[in-house]
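> what follows is a predicted structure for the sequence shown.
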Amino acid sequence: MPIFAKYTKNAQMEKTYQEKITILLTEIANLKKKSDQISMFRLLLLIVLLVVVYQLFILNEIVGGFSIIGGILGFYYIVKFHEKIDSEIDLKETTLAVIKNELTCLEGISGMYYNGQEYGRPTHNFSEDLDIFGNGTLFHLINRTKSKSGSDYFAHQLLGENQTFSVNQKQEAAKEMAVKTDWRLSFFASMFKISNEERGVSKVLNQIEHPPVLKLEKFIAIYTKILPFLWVAIFSSAYFVSPSFAGYGVVVLALINFRLTGINRNHTEEYFETVAGAGRLMEKFGVATRLIAQENWHSEILKTAHGRLPISKLNTKNPIDDFVIILKKLDMRRNMLASLFLTLATPFQPVQLIKLRVWLKDNPDFFEKIFDVIGVFELYASIGNLYFNKPDWCFPEMNDSKTFKLHGKNLGHPLINTKNVVCNSFDFDEKNRLTLITGSNMSGKSTFLRTVGLNIILAYAGCPVFAKKMDISLGIKLICYMRIKDSIQQNASTFKAEIERIKLVLAAINNNENALFLIDEMLRGTNSEDKLAGSMALLEKIVNSNAYAMVSTHDLRMTEISEQYPKEVKNYYFEYATENGELLFDYLIKEGVCKSFNASLLLKSIGLPIGENL
């Protein structure tokens, strides 16, 4: 029997997030205090070093020289430690922003993540009809991906195109992600600042896999290996020969360095521009990769993806770090002062380009592998996050029945943003293989069709469904005939668009496919008589096939087919009530045929004199 349920936001989720916010604020305050103390210590250390070095130089120049080197190294390590603290602060502040965004998502859909509009396919079996891609859609509700590969994986999963693993294995991965709350939030935070426009960074990285060949590259490679010894010799000559001789040596090496850089500038600059800024983005992906590598995984999908990480020993240095350092150094050429000093010491840009080439050779197909792995973890982190945020939802039980069966208890529409969603229980099997739904306007017919369709898509994608309980058979092919649009560009009228949908339905029937059709008011683009004749013919075709269908209609004459096929066809309806001239809808599905319609009342309410003498 249909039953009514109210969906209310789980207060426990809000409490959990608020508790994490409180903890993070305390941790951030402590880290900022520590950062301020280190800043003060750095200043004091610099003053002390200047005084100590000066005094040591007075005693002995050599001792003074070594004290400078020791002081610079000590100061460098303190600066690096300070940077580490600041990175922790940044990650925790970003995690705070992620949690606040999730709190917003408890009320609706966040605009912080990509809506998947590029994946929309007007001619697809169901993506346009069921609001899968675009603003306020199923993709937009669940998506927490920041890489192109992650959103690609998620789109394919929703479209049923990712069949590598079973639904049960997908559920297992999502459940594992759901319980790793702190890890999941840190993972989201590592990439949270990557904009939707920067999702395609992998395309940029693919362009840098073949750096340009340098002029005198072999000479530069040999020269840079002996260059440190040349500098040691020149500085030593200042003591053993004369300062002026050392000065000439410095000038000669500097000229060589500038020359080697200059002759390669024209054909390397375009390449450098291509990779500009990629280092900063890859640093964020590097943090995400490190989080994946350092965690233990148990579900089959996540263990398999973890094993594909292009890292020889997961607990050692991440090769992405070397790549990021090289790109950061290349980006330093934009700073004229830094570029000047670096080129004085070495042919900086050619050297970094050679290092990048070596790195690319040592890490073949690195970008493809790393983004593939990140994409898998983004996909299941998104699904696990949905389950965490929607504890009233459930993972459906999947069965291997040869015929389609669906048992849904308290099914709700996943995209309705309200605290009072009306849920309906519904069973689909051979007894109602053709389900006809009648009802007045705005009573909930189309919404119910989409409720069933969306929850089936969620189930096959390994996601939790909006239901108290759901049992569904595998292998159903979903075909929708609901949101029909004309197209001036394609010279397609509404009726022509409907004909194309009917051809899809007929093809599935003729191929004896295990299909479920969701049809909302068919043949609306023609006259009433042809509409009835065509509709009845299609219903007859469905009943005499192995397919299943749920059809909504305003035409009560279509419901008479249940008398001819009582074992295969059942009628259901939605109704309304009036109170003080207002229309009231309960949105509850009931067995039978609707007897009351409200179009005239609605038209009268806006001033159209229906049934009155004009």
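Sure thing, it's come through.

> how many residues are close by the residue nearest to Thr261 when sequence neighbours are not counted?
In space, not counting the residues next to it along the chain, Thr261 is nearest to Pro347; the distance is 4.9 Å by C-beta to C-beta, 6 or more residues apart in numbering. Yep, even glycine has a C-beta here, placed from its N, CA and C like the rest. By the criterion of other C-beta atoms under 10 Å, Pro347 has 26 neighbours.

> ok, Pro347 to Val250 distance?
Using C-beta to C-beta, to the nearest Å, Pro347 is found at 15 Å from Val250.

> which helix or strand in the protein has the lowest average pLDDT?
Sorting the helices and strands of the chain by mean pLDDT, DSSP states H and E puts strand 6-7 at the bottom, at a mean of 42.

> next up, phi/psi of Met470, please.
With angles defined as degrees, to the nearest 10, Met470 shows backbone torsions of phi -150, psi 130.

> show me where this structure has its strands.
Secondary structure of the chain by DSSP state E: the strands cover 6-7, 397-399, 406-411, 421-422, 424-428, 434-439, 469-473, 477-481, 515-520, 548-553, 569-574, 576-579, 582-585, 590-591.

> which among those strands is found nearest to Lys148?
Closest approach to Lys148 among the strands of the chain is made by strand 477-481 (26.4 Å; C-beta to C-beta).

> list of residues touching that closest one?
Counting by C-beta atoms under 8 Å, 6 or more residues apart in numbering, strand 477-481 makes contact with 125-126, 129-130, 160, 453, 456-457, 498, 501-502, 504-505, 508, 513-520, 522, all of which sit outside it.

> quickly list the domain ranges of this protein.
If you go by automatic domain parsing, the domain ranges for the chain are 6-105, 144-214+264-389, 397-605.

> excluding its backbone neighbours, what's nearest Thr289?
Of all residues beyond its chain neighbours, the one nearest Thr289 is Ile320 (5.5 Å), with distances taken as C-beta to C-beta, 6+ apart.

> residue contacts, that neighbour?
Met282, Phe285, Gly286, Thr289, Phe366, Ile370.

> in helices only, show me those.
When the contacts of Ile320 are checked against helices using DSSP state H, the ones located there are Met282, Phe285, Gly286, Thr289, Phe366, Ile370.

> want to try TSV for those residues, with distance to Pro566, pLDDT and neighbour count as columns?
Compiled in TSV, the ones in helices among the contacts of Ile320 are given as follows (distance: C-beta to C-beta, whole Å; pLDDT from 0 to 100; neighbours: other C-beta atoms under 10 Å):
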residue	distance to Pro566	pLDDT	neighbour count
Met282	65	77	23
Phe285	60	84	23
Gly286	65	82	20
Thr289	60	89	24
Phe366	64	80	18
Ile370	59	86	29
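
> between the residues you listed, which is nearest His554?
Set against His554, the nearest of these by C-beta to C-beta is Phe285 (52.9 Å).

> quick one: the closest one and Gly150 touch, right?
No: proximity of Phe285 to Gly150 does not meet the contact threshold set by C-beta atoms under 8 Å, at 10.7 Å.

> anything in contact with each of those two?
Any residue near both Phe285 and Gly150 by C-beta under 8 Å, 6+ apart counts here, and that gives Ile374.

> so what's the residue sitting nearest the centre point of the chain closest to, chain neighbours aside?
The centre of the chain sits closest to Thr145, judged by C-alpha atoms, centre = their mean, with a distance of 1.8 Å. Among residues not flanking Thr145 along the chain, Glu378 sits closest, at 4.1 Å (C-beta to C-beta, 6+ apart).

> how about the contacts made by that neighbour?
With contacts defined as C-beta under 8 Å, 6+ apart, the neighbours of Glu378 are Arg144, Thr145, Lys146, Ser147, Ser149, Gly150, Tyr153, Phe154.

> now, which of these sits nearest Val232?
Distances from Val232 to the contacts of Glu378, taken by C-beta to C-beta, are shortest for Ser147, at 45.1 Å.

> what about that closest one, how many neighbours?
25.

> same deal with the one 3 residues further on?
Using other C-beta under 10 Å, Gly150 has 26 other residues around it.

> now it. Nearest residue, chain neighbours left out?
Taking C-beta to C-beta, 6+ apart, and ignoring the residues beside it in sequence, Gly150 has Glu378 as its nearest neighbour in space, at 3.3 Å.

> I'd say Glu498 and Glu521 touch.
No: checked against C-beta under 8 Å, the pair Glu498 and Glu521 is beyond contact range at 10.2 Å.

> neighbour count winner among those two?
Glu498 (21 against 17).

> and the more buried one, what pLDDT?
Confidence per residue is given as pLDDT, and for Glu498 that number is 82.

> what about the residue nearest to Thr289, distance to Ile374?
From Ile320 over to Ile374 (counting by C-beta to C-beta), the distance is 10 Å.

> common neighbours of those two, please.
Counting by C-beta under 8 Å, 6+ apart, the residues touching both Ile320 and Ile374 are Phe285, Thr289.

> quick check: Gly439 touching Glu575?
Yes: Gly439 is in contact with Glu575 according to C-beta under 8 Å; the separation is 6.5 Å.

> which one of those two is surrounded by more residues?
Shown here are Gly439 and Glu575; by other C-beta under 10 Å, Gly439 has more neighbours (27 against 22).

> quick check: bridge partners of the more buried one?
Here Gly439 sits in beta bridges with Phe574, going by DSSP bridges.

> what residues are up against it?
For Gly439, the contact set (C-beta under 8 Å, 6+ apart) comprises Lys445, Ser552, Tyr573, Phe574, Glu575, Cys594.

> what sits against the last one?
Contact partners of Cys594, counting by C-beta under 8 Å, 6+ apart, are Thr438, Gly439, Ser440, Ser443, Leu556, Tyr573, Phe574, Glu575.
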